[in-house]
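> how would this look folded up:
(one chain, ligands or ions: 1)
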Amino acid sequence: MGFYQDHIVPSLISLAMRNRVLQPYRQRLAAQAEGRVLEIGVGSGLNLPFYSPRVAEVLGLDPQAKLLRMAGRQLSSVPLTLVGGSAESIPLGDACFDTVVTTWTLCTIPKVVCALGEMRRVLKPGGKLLFVEHGLAPEESVQRWQHRLNPLWRRFTGGCNLDRPLAMLIREAEFEITHLETGYMQGPRMMTFMYEGCARKG
Ligand SMILES: C[S@@+](CC[C@H](N)C(=O)[O-])C[C@H]1O[C@@H](n2cnc3c(N)ncnc32)[C@H](O)[C@@H]1O
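Alright, predicted model coming up:
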């Protein structure tokens, strides 16, 4: 299990996330980031090339050492610091970031409610959470399959969940969602219902 978790899973994640279909989402999201940015679950660093000069620095957090090494090799025009750690216990002080970014990560974090609380804690008042995530679809017929397949899916994808109600979870963490677009990306409906948006810490 150790070798699978530490080597095979990170390699599979990195390969899957290189999908070119995801690139426009990355570009749109990174373009809205500004100031001091914390990227949660930075993975192999695929958003890093898209940050604009309005970003002063990026701190990338991820529990997977192998992915952090890959992120360190990405081209980035902004100062970058990579930190090993988990979103449920962010090893950083309160209210010190202007932007928190998550892309296809809230699906995987085991204690996602706790992690969203931590993201809120490290954001400055008025700071924004930018997110692109896949999650629970609106149609009951798709939801049924998402719930059914989830246990098996999680086992083979390093803990990814198909059926998290992302917008609801973000609101429950006391963020105000200021912009939200939802819809299917190309591919099987169970895995491709996207939530893309911005939420503010009040
Ligand atoms: C599907 S990958 C997405 C990676 C990257 N955000 C991207 O868009 O390419 C999910 C990421 O979440 C990270 N992750 C898993 N559990 C986490 C946790 N508890 N805290 C922070 N990141 C976590 C994984 O290591 C992985 O890098």
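
> Now do the same contact list for the closest residue to Gln64 other than its chain neighbours.
Nearest residue to Gln64, sequence neighbours excluded (CB to CB, 6 or more residues apart in numbering): Pro10, at 4.9 Å. C-betas here are computed from N, CA, C, even on glycine. Pro10 makes contact with Ser44, Gln64, Lys66, Leu67, Met70, Gly158 under the criterion CB atoms under 8 Å, 6 or more residues apart in numbering.

> would Pro10 count as being in a helix?
Yes. Assigned with DSSP: H, G, I helix; E, B strand; the rest coil, Pro10 falls within a helix.

> TSV for the contacts of Pro10, including distance to Tyr195?
As requested, these are exported to TSV (distance: CB to CB, whole Å):
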residue	distance to Tyr195
Ser44	22
Gln64	23
Lys66	27
Leu67	23
Met70	26
Gly158	20
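
> what's the span of stretch 148-165, first residue to last?
One end of stretch 148-165 to the other measures 15 Å (CA to CA, to the nearest Å).

> buried residues in it?
Asn150, Trp153, Thr157, Cys160, Asn161, Leu162, Asp163, Arg164 (16 or more other CB atoms under 10 Å).

> Also stretch 67-80?
Result for stretch 67-80 [16+ other CB under 10 Å]: buried residues Leu67, Leu68, Met70, Ala71, Ser76, Val78, Leu80.

> ok, which pair from those residues is furthest apart?
Leu67 and Val78 (18.8 Å; CB to CB).

> Leu92 in helix, strand or coil?
coil.

> Can you pull out the low-pLDDT segments for the chain?
Where the chain drops to pLDDT under 70, the residues are 1, 4, 7, 12, 14.

> hmm, what's the outermost residue in it?
Ser141 (26.1 Å; CA atoms, centre = their mean).

> List the contacts of Arg120.
Leu129, Ala173, Glu174, Phe175, Lys201.

> okay, now Gly43: neighbour count?
When neighbours are counted by other CB atoms under 10 Å, Gly43 registers 22.
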